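J.: Pasting the sequence and the predicted model now:
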Amino acid sequence: MAAPQGNGGDSDEGWWPEGKDHNNGWRLDIVSLLAVIGESSMAEHSQAMTASWIGCLPRIIPAPQVLLKPTRPTRMPHSTASVVGVKNGIQVPTLNYFPNIVHPIEDLAPFSFRVYRIRHSRHALSQHNDPRSWRSVNSRHNTTLPRHNGFFTTASNFLRGGWLRRTDPEKAPIIAAQPLKPPPHVPAKTFSPLNLLSIFSCILTWAIFAVCLYNRDGIACLALIAISSVSAIVGYASLWSPQLMKRTSGAVVPEGDVVIRTRDGAFIVVKCDENVARELYTGTEECTYLVHSVRAYRALIGLATFILMVAVVLLGNCNFNQQAAIGSAYIVLNGLYWAASLVPKREFWDLKMYEREDITPDDCRDADRARPGGEPDDLPSFTRTMWYAIRVTGEVGWVITSGAAPKTGEWARWVEAAGRQVKERKQGWETWKAVREKDLLIGQTEREEEEGEKEGGTPVPGEGEGEGVVVGEGR
């Protein structure tokens with residue numbers, strides 16, 4: 001039996017609270033804490049959630065403080081991988097965000113090998129190619145049109161009677177500037193899981209608001225209005241669009257094929273032109289914001305922060321029924337946003353402007369698996385997979401540029417031998433024993449070192465290199 005507490009003898013407490021709100025009943029004063037729980041899942045969705053106008057809907061969102069940042073990211077997140085151009089030799093130490101969605105490197109097993117052909121699709125979204133849209137005007141590559149700062153620019157231009165017109169036309173340059181060609185943008189899918197969650201959250205919020213009106217709970221109504229205002233202000237201030245880099249010259253250049261090497265020893269060869277290579281691989285993915293001015297953005301974030309603090313205070317003073325409804329909504333939304341993190345990233349972005357075709361040769365498709373036979377070339381290895389990449393590209397320069405092969409004399413002779421195989425293309429060159437060749441070169445050097453130690457001297461480099469070349473020519 002629970003010990004009696006309180007002044008009266010009839011106010012004994014049992015094991016569990018009974019009723020609501022009163023002496024020994026349930027209390028939900030802590031429900032305001034639910035409004036700021038769920039930061040980890042919301043942080044993962046923060047960029048994708050604010051890349052669409054649907055993210056500006058007034059609604060309840062878990063952990064809105066994740067979006068209340070004094071600064072905004074200027075680039076998309078990237079993955080660690082070596083990217084090198086086959087023809088141009090451009091090397092990038094990271095893989096951009098969107099190509100990692102087109103062909104995820106996390107799904108590759110160690111020593112696996114893939115060949116893709118990526119080209120522009122005919123169904124590119126035309127509505128995102130307007131040179132006077134805020135996506136193009138707020139690009140850092142824009143040098144002809146004034147910046148756009150959301151509602152502030154819209155209102156000022158409306159009062160002046162012009163849309164994106166120069167303040168002083170007389171100061172325009174005598175020589176007309178080149179027409180602004182908009183850089184490619186990757187929009188968010190209209191009905192992505194996050195957008196559907198935003199719509200559901202908006203409907204749920206206003207359903208609870210209607211219940212609060214019916215129950216005549218003014219504090220709960222004000223709390224919901226404040227919370228919804230925070231999501232609308234933050235969504236508007238953070239609205240952005242991913243901008244890809246484009247070529248500014250129309251000169252004829254070699255193909256833009258690239259080779260991607262992961263930390264696990266997997267290789268991906270991408271067959272594409274220079275435009276696709278610049279947009280996805282060698283260029284940078286930048287963030288273009290509707291509210292271009294950092295000062296205006298911080299002012300909006302400061303306003304949203306103040307409203308959020310007021311909303312938290314109001315939540316703690318709602319009636320029991322409204323607190324239970326709002327708390328349940330936060331619990332449900334936290335679970336749904338956590339479940340959304342399990343959805344592949346390709347479901348969030350509209351990448352139909354690119355077409356991907358898997359053209360991996362059949363004999364290279366299972367590079368991460370052993371083949372029947374006991375020879376070194378039948379086992380998965382870094383050398384065998386790298387030879388597959390050399391065979392498909394027909395070049396060895398990228399191996400040296402990217403540092404894929406160790407910088408030793410033995411490996412240099414192996415790369416030279418591999419280069420002769422792809423250039424001469426003698427009969428049976430595609431089945432060249434790359435791993436055995438490497439083992440012979442390294443074993444030959446070890447034997448020379450042992451003989452040199454026995455004789456009390458050092459091996460002559462010229463003789464070792466000559467023998468290595470003979471071995472390479474014999475394969």
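T.: Everything's here; your move. Numbering: from 1, shown residues only.
J.: Please name the residues that touch Ser231.
T.: Cys56, Leu57, Pro58, Arg59, Ile60, Ile61, Pro64 (C-beta atoms under 8 Å, 6 or more residues apart in numbering). Bear in mind the C-beta positions are built from the backbone N, C-alpha and C, glycine included.
J.: among those residues, which two are most distant?
T.: Cys56 and Ile60 (14.3 Å; C-beta to C-beta).
J.: higher neighbour count, these two?
T.: A direct count of neighbours by other C-beta atoms under 10 Å for Cys56 and Ile60 places Ile60 higher, at 22 against 19.
J.: tell me the SS of the most centrally placed residue in the chain?
T.: The chain has Tyr97 as the residue nearest its centroid, 3.4 Å off, counting by C-alpha atoms, centre = their mean. In three-state terms, and counting by DSSP: H, G, I helix; E, B strand; the rest coil, Tyr97 is coil.
J.: Now it. Nearest residue, chain neighbours left out?
T.: Closest residue in space to Tyr97, ignoring its immediate chain neighbours: Met76 at 3.8 Å, by C-beta to C-beta, 6 or more residues apart in numbering.
J.: Verify the contact between the one you found and Pro99 for me.
T.: No - using C-beta atoms under 8 Å, Met76 makes no contact with Pro99, being 10.7 Å away.
J.: Check for me that Val259 belongs to a strand.
T.: Yes - counting by three-state DSSP, one finds Val259 located in a strand.
J.: Show the contacting residues for it.
T.: Val83, Val84, Val86, Phe267, Ile268, Val269, Val270, Ala389, Thr393, Trp398, Ser402.
J.: Skip the chain neighbours and tell me the closest residue to the fourth one.
T.: For Phe267, ignoring the flanking residues on the chain, the nearest one in space by C-beta to C-beta, 6+ apart is Ala389 at 4.4 Å.
J.: Quick check: which element contains the one you found?
T.: Element membership for Ala389 (DSSP states H and E) is helix 382-393.
J.: For that helix, list the C-alpha coordinates in PDB.
T.: Extracted in PDB, the C-alpha atoms of helix 382-393 (Å, rounded to 0.1, in the frame of the first residue of the first chain):
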ATOM      1  CA  PHE A 382      42.000  -4.600 -56.300                       C
ATOM      2  CA  THR A 383      44.400  -5.400 -59.200                       C
ATOM      3  CA  ARG A 384      41.800  -7.400 -61.100                       C
ATOM      4  CA  THR A 385      39.100  -4.800 -60.700                       C
ATOM      5  CA  MET A 386      41.500  -2.000 -61.700                       C
ATOM      6  CA  TRP A 387      42.400  -3.900 -64.800                       C
ATOM      7  CA  TYR A 388      38.700  -4.200 -65.700                       C
ATOM      8  CA  ALA A 389      38.500  -0.400 -65.500                       C
ATOM      9  CA  ILE A 390      41.600   0.100 -67.600                       C
ATOM     10  CA  ARG A 391      40.200  -2.400 -70.200                       C
ATOM     11  CA  VAL A 392      36.900  -0.500 -70.500                       C
ATOM     12  CA  THR A 393      38.400   3.000 -70.600                       C
END
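J.: I'd like the next helix or strand past that helix.
T.: Following helix 382-393 in sequence order, the next helix or strand is helix 397-402 (DSSP H and E).
J.: in that next one, what counts as buried?
T.: Buried residues in helix 397-402, counted by 16 or more other C-beta atoms under 10 Å: Trp398, Val399, Ile400, Thr401, Ser402.
J.: mind checking how far the last one is from Phe267?
T.: In this view, Ser402 and Phe267 are 11 Å apart by C-beta to C-beta, to the nearest Å.
J.: TSV for the buried residues of helix 397-402, including pLDDT?
T.: Listed next are the buried residues of helix 397-402 as TSV, based on pLDDT from 0 to 100:
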residue	pLDDT
Trp398	95
Val399	94
Ile400	92
Thr401	91
Ser402	91
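J.: re the thing from before, ok, the residue nearest to Tyr97 - how many residues close by?
T.: By the measure other C-beta under 10 Å, the count of residues near Met76 is 18.
J.: next one: Arg216
T.: Arg216 has 9 neighbours, counted by other C-beta under 10 Å.
J.: One more: the one 4 residues further on?
T.: Ala220 has 25 neighbours, counted by other C-beta under 10 Å.
J.: Equivalent analysis for Ser192, please.
T.: Ser192 has 22 neighbours, counted by other C-beta under 10 Å.
J.: wait, it sits on Arg346?
T.: No - between Ser192 and Arg346 there is no contact under C-beta under 8 Å: 10.0 Å.
J.: contacting residues for the closest residue to Leu280 other than its chain neighbours?
T.: Closest residue in space to Leu280, ignoring its immediate chain neighbours: Pro99 at 4.5 Å, by C-beta to C-beta, 6+ apart. Going by C-beta under 8 Å, 6+ apart, Pro99 touches Val270, Leu280, Tyr281.
J.: ok, now Gly394?
T.: Neighbour list for Gly394: Val422, Lys423 [criterion: C-beta under 8 Å, 6+ apart].
J.: What separation is there between the residue nearest to Leu280 and Tyr281?
T.: The gap separating Pro99 from Tyr281 is 6 Å, by C-beta to C-beta.
J.: Could you name every residue contacting both of the two?
T.: With contacts defined as C-beta under 8 Å, 6+ apart, the residues shared by Pro99 and Tyr281 are Val270.
J.: Any idea how far apart the tips of stretch 33-43 sit?
T.: Terminal residues of stretch 33-43 are spaced 18 Å apart (C-alpha to C-alpha, to the nearest Å).
J.: Contacts for it next, please.
T.: Residues from elsewhere that reach stretch 33-43, judged by C-beta under 8 Å, 6+ apart: 61-67, 227, 311-312, 315, 326-327, 330-331, 333-334, 337-338, 340-341.
J.: Low-confidence bits of the stretch 1-150 of the chain, can you list those?
T.: Applying pLDDT under 70 to the stretch 1-150 of the chain flags residues 1-32, 35, 123-150.
J.: domain ranges for this protein?
T.: 29-71+187-241+291-346, 368-473 (automatic domain parsing).
J.: just those: most buried one?
T.: Counting by mean count of other C-beta atoms under 10 Å, domain 29-71+187-241+291-346 has the highest mean neighbour count of the domains of the chain, with a mean of 18.
J.: about what we covered before: please tell me how far the residue nearest to the centre of the chain sits from Ser82.
T.: Distance, Tyr97 to Ser82, by C-beta to C-beta: 17 Å.
J.: again, but for Glu424
T.: Taking C-beta to C-beta, one finds Glu424 at 28 Å from Ser82.
J.: And Leu222, by the same measure?
T.: With C-beta to C-beta as the criterion, Leu222 and Ser82 are 55 Å apart.
J.: Repeat that for Val234.
T.: 37 Å.
J.: Quick check: Gly89 touching Thr401?
T.: Yes - contact criterion C-beta under 8 Å: Gly89 and Thr401 qualify, at 4.9 Å.
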